[in-house]
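Engineer: Just need the structure, nothing else, for what follows:
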Amino acid sequence: MEGQSMGSRGYVDAHIHVWEFALFHHFADLEKCANLEELVGTLKAKPVEGWAIGVRFNQEGLAEKTIPDRAFLDKAFGPQPAIIVRTCLHLAVANTAAMDRLGVFSRDGVFREAAVASLLRKLVDGLNLDRRRILAEGLRELKNMGAEWVIDMGMDRQKRSLFDGLEGEMRVDFYTVDPVLLDEALGLKIFLDGGLGARTAALTREYTDDPGNYGVLNFTDRALLSLVERAHQRNKPVAVHAIGDRAVDQFLWVVRQTRHPLDRLEHVQYAREEQLEALAELEIPVCIQPIFSREMSWARSRLGPNRMNTAYAWGLMRDKGIRLLAGSDAPVEHADPREAAATVACLEGRHHLDFEEVLELFARANREFYDG
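Structural biologist: Sure, this is the predicted structure:
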């Protein structure tokens, strides 16, 4: 790969889920499965404590282009508990045996958004795993990849206790979803919507491939404003997940009411051009995941060709004057910044960033945002 160097200092990943990155190495990786038969075979080849557990699933890579449901997993695995987790972490599917073991229920076995995090917590609680060893191995892997500092974007009390005593592995800071941890966190993480893959990202116009579906907003405007104001009153910024343009609209409305100088917007896979201009005018930093440009081949079917003009438009964001930060969102995608850089260097026009430009975001821009 060209341009391997990131300078004498390591890189900073400004958006990663450290525990999940470490944990997912212990489950079957479904990323390269070409069809449902391969998916079942991959799951059966790597059981964990008798469970069939697969991660990084993406139906867009399957010949069938379908999400297996409860009935499919029941037929394939019978009494063996089975769970698959979509790569975006916004959707998971469980069979009857898994739901019975975990004490959860969904008629079709499909779980979305916050229910996915709850499902994973119950799953890990039920498995005999050495969590601290798993986490230490994950931190060492990130360090070997060149990471010097990582910022976790979903810390809660259960995960926080695992990091005690591991500080020597790497500098780890975090945003939290738990107000109890807010005093020691960089800020509060808030999820406004879901993801394009699960068709839960909030859009102002319906999904091109799912008429009538506009995605989901997780808060009313007033509820979100109250949440952000409470964080600001404690002198803490917010890092706000917004993938669709309706979520970006809601974020812009809130930050015009209340601001902290370190408030961040996360992801922004699709925004209208006037929204990007507003973000630049308001001087709101946006933490992008350049490697998400790999989604463009199937995102076109979600958004249609016209909206793709300002989707995954990292170069356009830069040209509009938006301050860019960069993260991997691992394990949603691969953690190595060089993969992200290679992905967008191949693109043209509004979607393009130079290879070295992406590495500079990870090596310099992220660090300067917090260290000055």
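
Engineer: where's the residue lying closest to residue 155 once chain neighbours are set aside, which helix or strand?
Structural biologist: In space, not counting the residues next to it along the chain, residue 155 is nearest to residue 174; the distance is 4.0 Å by Cβ to Cβ, 6 or more residues apart in numbering. For every residue, glycine as well, the C-beta is placed using N, CA and C. Residue 174 belongs to strand 171-176 when assigned by DSSP states H and E.

Engineer: Show me what counts as buried in that strand.
Structural biologist: Neighbour-count burial for strand 171-176, with 16 or more other Cβ atoms under 10 Å as criterion, is recorded at 172-176.

Engineer: can you check stretch 157-168 too?
Structural biologist: Neighbour-count burial for stretch 157-168 flags 159-160, 162-163 (criterion: 16+ other Cβ under 10 Å).

Engineer: Distance of residue 175 relative to residue 369?
Structural biologist: Distance of residue 175 to residue 369, computed by Cβ to Cβ, to the nearest Å: 13 Å.

Engineer: ah, wrong one, I meant residue 125
Structural biologist: From residue 125 over to residue 369 the distance is 35 Å, taken as Cβ to Cβ.

Engineer: I figured residue 247 hits residue 204, correct?
Structural biologist: No - in this structure residue 247 lies outside contact range of residue 204 using Cβ atoms under 8 Å: 9.8 Å.

Engineer: which one of the two has more residues nearby?
Structural biologist: A direct count of neighbours by other Cβ atoms under 10 Å for residue 247 and residue 204 places residue 247 higher, at 31 against 15.

Engineer: mind checking how far the more buried one is from residue 359?
Structural biologist: In this view, residue 247 and residue 359 are 29 Å apart by Cβ to Cβ.

Engineer: what about dumping the CA coordinates of the longest strand seen in the chain to PDB?
Structural biologist: Among the elements of type strand in the chain, defined by DSSP state E, the one spanning the most residues is strand 147-155. Extracted as PDB, the C-alpha positions of strand 147-155 are listed here (Å, rounded to 0.1, in the frame of the first residue of the first chain):
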ATOM      1  CA  ALA A 147      -2.500   3.200  17.400                       C
ATOM      2  CA  GLU A 148      -1.100   5.400  20.200                       C
ATOM      3  CA  TRP A 149      -4.400   6.700  21.500                       C
ATOM      4  CA  VAL A 150      -8.000   5.600  21.000                       C
ATOM      5  CA  ILE A 151     -11.300   7.300  22.000                       C
ATOM      6  CA  ASP A 152     -14.000   4.800  22.800                       C
ATOM      7  CA  MET A 153     -17.500   6.000  21.800                       C
ATOM      8  CA  GLY A 154     -19.800   3.900  23.900                       C
ATOM      9  CA  MET A 155     -18.400   3.300  27.400                       C
END
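
Engineer: From the contact counts, what lies against it?
Structural biologist: Counting by 3 or more Cβ pairs under 8 Å, 6 or more residues apart in numbering; DSSP states H and E, the packing neighbours recorded for strand 147-155 are strand 11-16, helix 18-23, strand 171-176.

Engineer: more neighbours, residue 125 and residue 369?
Structural biologist: residue 369 (18 against 10).

Engineer: Now go through the buried residues of stretch 157-168 and say which are in helices.
Structural biologist: Among the buried residues of stretch 157-168, the members falling in helices (DSSP state H) are 159-160.

Engineer: Compile the buried residues of stretch 157-168 into TSV and extend it with columns for distance to residue 46 and pLDDT.
Structural biologist: Compiled in TSV, those are given as follows (distance: Cβ to Cβ, whole Å; pLDDT from 0 to 100):
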residue	distance to residue 46	pLDDT
159	24	93
160	29	95
162	23	94
163	27	94
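
Engineer: As a markdown table, the helices and strands packed on strand 147-155 with distance to residue 326 would be great.
Structural biologist: As requested, these are arranged in a markdown table below (distance: least, Cβ to Cβ, whole Å):
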| stretch | distance to residue 326 |
| --- | --- |
| strand 11-16 | 6 |
| helix 18-23 | 16 |
| strand 171-176 | 16 |
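
Engineer: can I get the ones you listed in JSON lines with mean pLDDT and distance to residue 47?
Structural biologist: What follows is the helices and strands packed on strand 147-155, written out as JSON lines (pLDDT from 0 to 100; distance: least, Cβ to Cβ, whole Å):
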{"stretch": "strand 11-16", "mean pLDDT": "98", "distance to residue 47": "27"}
{"stretch": "helix 18-23", "mean pLDDT": "96", "distance to residue 47": "16"}
{"stretch": "strand 171-176", "mean pLDDT": "97", "distance to residue 47": "31"}
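
Engineer: Tell me which of the ones you listed sits nearest to residue 229.
Structural biologist: Set against residue 229 and scored by Cβ to Cβ, these come closest in strand 171-176, at 17.1 Å.

Engineer: helices or strands next to that closest one in the packing?
Structural biologist: The helices and strands touching strand 171-176, judged by 3+ Cβ pairs under 8 Å, 6+ apart, are strand 147-155, strand 187-191.

Engineer: All the helices of the stretch 101-250 of the chain, in order from the start?
Structural biologist: Taking DSSP state H, counting those that start in this stretch as the test, the helices found in the stretch 101-250 of the chain are 114-126, 131-144, 157-160, 221-233, 245-255.

Engineer: Buried deepest among those helices, which one?
Structural biologist: With neighbours defined as mean count of other Cβ atoms under 10 Å, the helices of the stretch 101-250 of the chain peak in mean count at helix 245-255, which reaches a mean of 22.

Engineer: Export that helix to CSV, keeping only CA atoms.
Structural biologist: Listed next in CSV are the C-alpha coordinates belonging to helix 245-255 (Å, rounded to 0.1, in the frame of the first residue of the first chain):
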residue,chain,number,x,y,z
ASP,A,245,-30.1,14.1,6.9
ARG,A,246,-33.2,14.2,9.2
ALA,A,247,-30.9,13.5,12.2
VAL,A,248,-28.5,16.2,11.0
ASP,A,249,-31.4,18.6,10.9
GLN,A,250,-32.3,17.8,14.5
PHE,A,251,-28.7,18.2,15.6
LEU,A,252,-28.4,21.6,13.9
TRP,A,253,-31.6,22.8,15.6
VAL,A,254,-30.3,21.7,19.1
VAL,A,255,-26.8,23.3,18.7
